[in-house]
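Colleague: What follows is a predicted protein model with its sequence.
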There are 2 protein chains.
Amino acid sequence: MAKSEETRSLIVTTAMRLFTENGYDRTTMRAIAAEAGVSVGNAYYYFSSKEQLVQGFYDEIARQHQAAARPLLESETGFAARLRAVLLCWLDIAEPYHRFGTQFFVNAADPESPLSPFSDDSSAARKASIGLMREVVNGSDVKLDPELRDQLPELLWLGQMGVVLFWVHDRSPGTKRSRMLVERSVPLITRLAALSRLRMFRPVSREVVDLIRELAKRD
Amino acid sequence: MAKSEETRSLIVTTAMRLFTENGYDRTTMRAIAAEAGVSVGNAYYYFSSKEQLVQGFYDEIARQHQAAARPLLESETGFAARLRAVLLCWLDIAEPYHRFGTQFFVNAADPESPLSPFSDDSSAARKASIGLMREVVNGSDVKLDPELRDQLPELLWLGQMGVVLFWVHDRSPGTKRSRMLVERSVPLITRLAALSRLRMFRPVSREVVDLIRELAKRD
DNA sequence: GTCTATAGCAAGATAGAC
DNA sequence: GTCTATCTTGCTATAGAC
């Protein structure tokens, strides 16, 4: 590993440790630099802002989630079980960072911020997440209105963002309320998806698909 | 009006003006204090942080929305039309503050912040908003599963939070994409609400009601 | 290209005098 | 209640070592 890579990694590792120990606000750039044994200027040489330091963290959670979720999908073909596994897996991965994550997702809510899940900068991470949801759908035995099938992964990703939002606000021990949200909403979503095939349900289903398609356009 | 009330009001009024003129970030406490003709220390005597200054603004938008929405409900009994009117009305009220509102709602996404719509501090504002949605439901001629009827206002409020979140990220001219979201999702919601009465749909409807009820508990 | 040291600015927040 | 002075911290700038 190149020297620069080592330094970069050292800084981000130190930052993540201090963030989780003391929270984002109470961790100063001076402290990160001192603890990592580099100068403040050097830290800024690698990361143009304190917020930027968090982007590495963001990517790391997403990466871990992908890695941990894929194997779970190997052995399971039920739609509900697959969706449940992927969502709970995220909660497991993110758990240690809940305290810090709070501060983190506050930044992410800023549409101006490169950390926003809707921003161009994070479109790679977003696409990966939507891709994971596509695997959830495609690898399952669920029967769907084919029109809905195309859009469902994006819808599920939106749902996951909702879970994340809930989790950020979740103060229950072990964030068990977030787990409950997943446990109870997954069967619901599954039932609704199944209903999508009924003729009577078609117009609603079409409207949903159209709406998502329309909103996905950036005009 | 007591002297202290006058000073307090002077500070918040000045702050709101500067916020809307120049944005939240570019408005410094020093500038607010100078413009209001008081010292920085005095501003902090009344408002413990810059963020606190925004709470008054938050309440003001909610108040204006309530005031503007109520008359619209007088003359209309269709559920869809009522819901649409209330949601579009919010977009109208909030429009002038879109630029500033962005920064504002970033702060509001912080669960630690008293500005969070889920925090205890803003529970009065939240209750008022849910109350407005209850009027939308109760004053309409919509036929509903009675179980759902109780929970629907809370659900609609959640939906409105979703609209707000979308609006914050909306960069289209006149935030017309947000308007489109309302125009297209209202009929959808209406159709789903109507479906709730079908026997086949009952289990789903019950699950939704149960879930909301469970999540509303703060255990 | 990588890094240190240091000085300094801007702005949010606070302390303590009056 | 109000002020002035001061502190803190994110961030920048510069000058130079290797």
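Modeller: It's in.
Colleague: Quick check on A:Gly23: phi, psi?
Modeller: With angles defined as degrees, to the nearest 10, A:Gly23 sits at phi 90, psi 160.
Colleague: was I right about it contacting A:Tyr97?
Modeller: No: judged on CB atoms under 8 Å, A:Gly23 makes no contact with A:Tyr97 at a distance of 11.3 Å. Bear in mind the C-beta positions are built from the backbone N, C-alpha and C, glycine included.
Colleague: By mean pLDDT, point me to the weakest helix or strand of chain A.
Modeller: Ranking every helix and strand in chain A by mean pLDDT, DSSP states H and E puts helix A:98-108 at the bottom, with a mean of 69.
Colleague: Quickly note the distance from the most centrally placed residue in chain A to A:Phe166.
Modeller: Closest to where the C-alpha atoms of chain A average out (CA atoms, centre = their mean) is A:Ala62, at 6.0 Å. As judged by CB to CB, to the nearest Å, A:Ala62 and A:Phe166 stand 18 Å apart.
Colleague: hang on, the earlier thing: before we move on, which element is the residue nearest to the centre of chain A in?
Modeller: Secondary structure assigned from DSSP states H and E places A:Ala62 in helix A:50-74.
Colleague: How about that helix and DNA strand D, any contact?
Modeller: Yes: under the criterion of CB under 7 Å from any atom of the strand, DNA strand D is reached by helix A:50-74 at A:Lys50, A:Glu51.
Colleague: on contacts alone, who are the packing partners of that helix?
Modeller: helix A:3-22, helix A:79-94, helix A:98-108, helix A:123-138 (3 or more CB pairs under 8 Å, 6 or more residues apart in numbering or on different chains; DSSP states H and E).
Colleague: To DNA strand C, which of these lies closest?
Modeller: helix A:3-22 (3.1 Å; CB to the nearest atom of the strand).
Colleague: For the closest one, buried residues please.
Modeller: By 16 or more other CB atoms under 10 Å in any protein chain shown, the buried positions in helix A:3-22 come out as A:Thr7, A:Arg8, A:Ile11, A:Val12, A:Thr14, A:Ala15, A:Met16, A:Leu18, A:Phe19, A:Thr20.
Colleague: how about the second one, what does it touch?
Modeller: Right, A:Arg8. Residues near A:Arg8 by CB atoms under 8 Å, 6 or more residues apart in numbering or on different chains: A:Tyr46.
Colleague: what do you get for the third one?
Modeller: Under the criterion of CB under 8 Å, 6+ apart, the contact partners of A:Ile11 comprise A:Ile32, A:Ala33, A:Ala36, A:Val38, A:Asn42, A:Ala43, A:Tyr46, A:Phe47, A:Leu53.
Colleague: What is the burial count for the fifth one?
Modeller: Read it as A:Asn42. Per other CB atoms under 10 Å in any protein chain shown, the neighbour tally for A:Asn42 reads 15.
Colleague: likewise the third one?
Modeller: Other residues within reach of A:Ala36 by the criterion other CB under 10 Å amount to 19.
Colleague: between A:Gly23 and A:Tyr97, who's got more neighbours?
Modeller: Between A:Gly23 and A:Tyr97, counting by other CB under 10 Å, A:Tyr97 is the more crowded of the two (17 against 14).
Colleague: Enumerate the residues of chain A near DNA strand D.
Modeller: For chain A, the residues in contact with DNA strand D (CB under 7 Å from any atom of the strand) are A:25-30, A:40-41, A:44, A:48-51.
Colleague: Kindly recompute the last result at 10 Å.
Modeller: Taking CB under 10 Å from any atom of the strand as the criterion, the neighbours of DNA strand D within chain A are A:24-33, A:39-45, A:47-53.
Colleague: Would you map out the domains in chain A?
Modeller: Residue ranges for the domains of chain A, per automatic domain parsing: A:1-48, A:51-216.
Colleague: Give me whichever of these is most buried.
Modeller: Ranked by mean neighbour count, these are led by domain A:51-216 with a mean of 17 (mean count of other CB atoms under 10 Å in any protein chain shown).
Colleague: Return the distance of that one from the chain's centre.
Modeller: 7 Å (CA atoms, centre = their mean, to the nearest Å).
Colleague: Next: stretch A:212-219.
Modeller: Taking mean C-alpha positions (CA atoms, centre = their mean), stretch A:212-219 and its chain are 21 Å apart.
Colleague: residues in contact with it?
Modeller: Stretch A:212-219 has contacts (CB under 8 Å, 6+ apart) with A:Gln151, A:Glu154, A:Leu155, B:Ser172, B:Arg177, B:Met180, B:Leu181, B:Arg184.
Colleague: and if you look at stretch A:33-44?
Modeller: For stretch A:33-44, the external contacting residues (CB under 8 Å, 6+ apart) are A:Thr7, A:Leu10, A:Ile11, A:Thr14, A:Ala15, A:Arg17, A:Leu18, A:Met29, A:Arg30, A:Ile32.
Colleague: Those residues into TSV, with extra columns for pLDDT?
Modeller: Below are the contacts of stretch A:33-44 laid out as TSV (pLDDT from 0 to 100):
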residue	pLDDT
A:Thr7	92
A:Leu10	92
A:Ile11	93
A:Thr14	92
A:Ala15	91
A:Arg17	90
A:Leu18	91
A:Met29	94
A:Arg30	94
A:Ile32	93
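Colleague: and of these, the nearest to A:Ser196?
Modeller: Nearest to A:Ser196 among those: A:Ala15, at 45.0 Å, using CB to CB.
Colleague: Which residues are in contact with the closest one?
Modeller: Neighbouring residues of A:Ala15 by CB under 8 Å, 6+ apart: A:Thr27, A:Ile32, A:Ala36, A:Leu53.
Colleague: I'd like those residues as a markdown table, with secondary structure and distance to B:Val142 appended.
Modeller: Putting these into a markdown table (DSSP: H, G, I helix; E, B strand; the rest coil; distance: CB to CB, whole Å) gives the following:
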| residue | secondary structure | distance to B:Val142 |
| --- | --- | --- |
| A:Thr27 | coil | 51 |
| A:Ile32 | helix | 56 |
| A:Ala36 | helix | 60 |
| A:Leu53 | helix | 50 |
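Colleague: and of those, the nearest to chain B?
Modeller: Taking CB to the nearest CB as the measure, chain B sits nearest to A:Thr27 out of the contacts of A:Ala15, at 15.5 Å.
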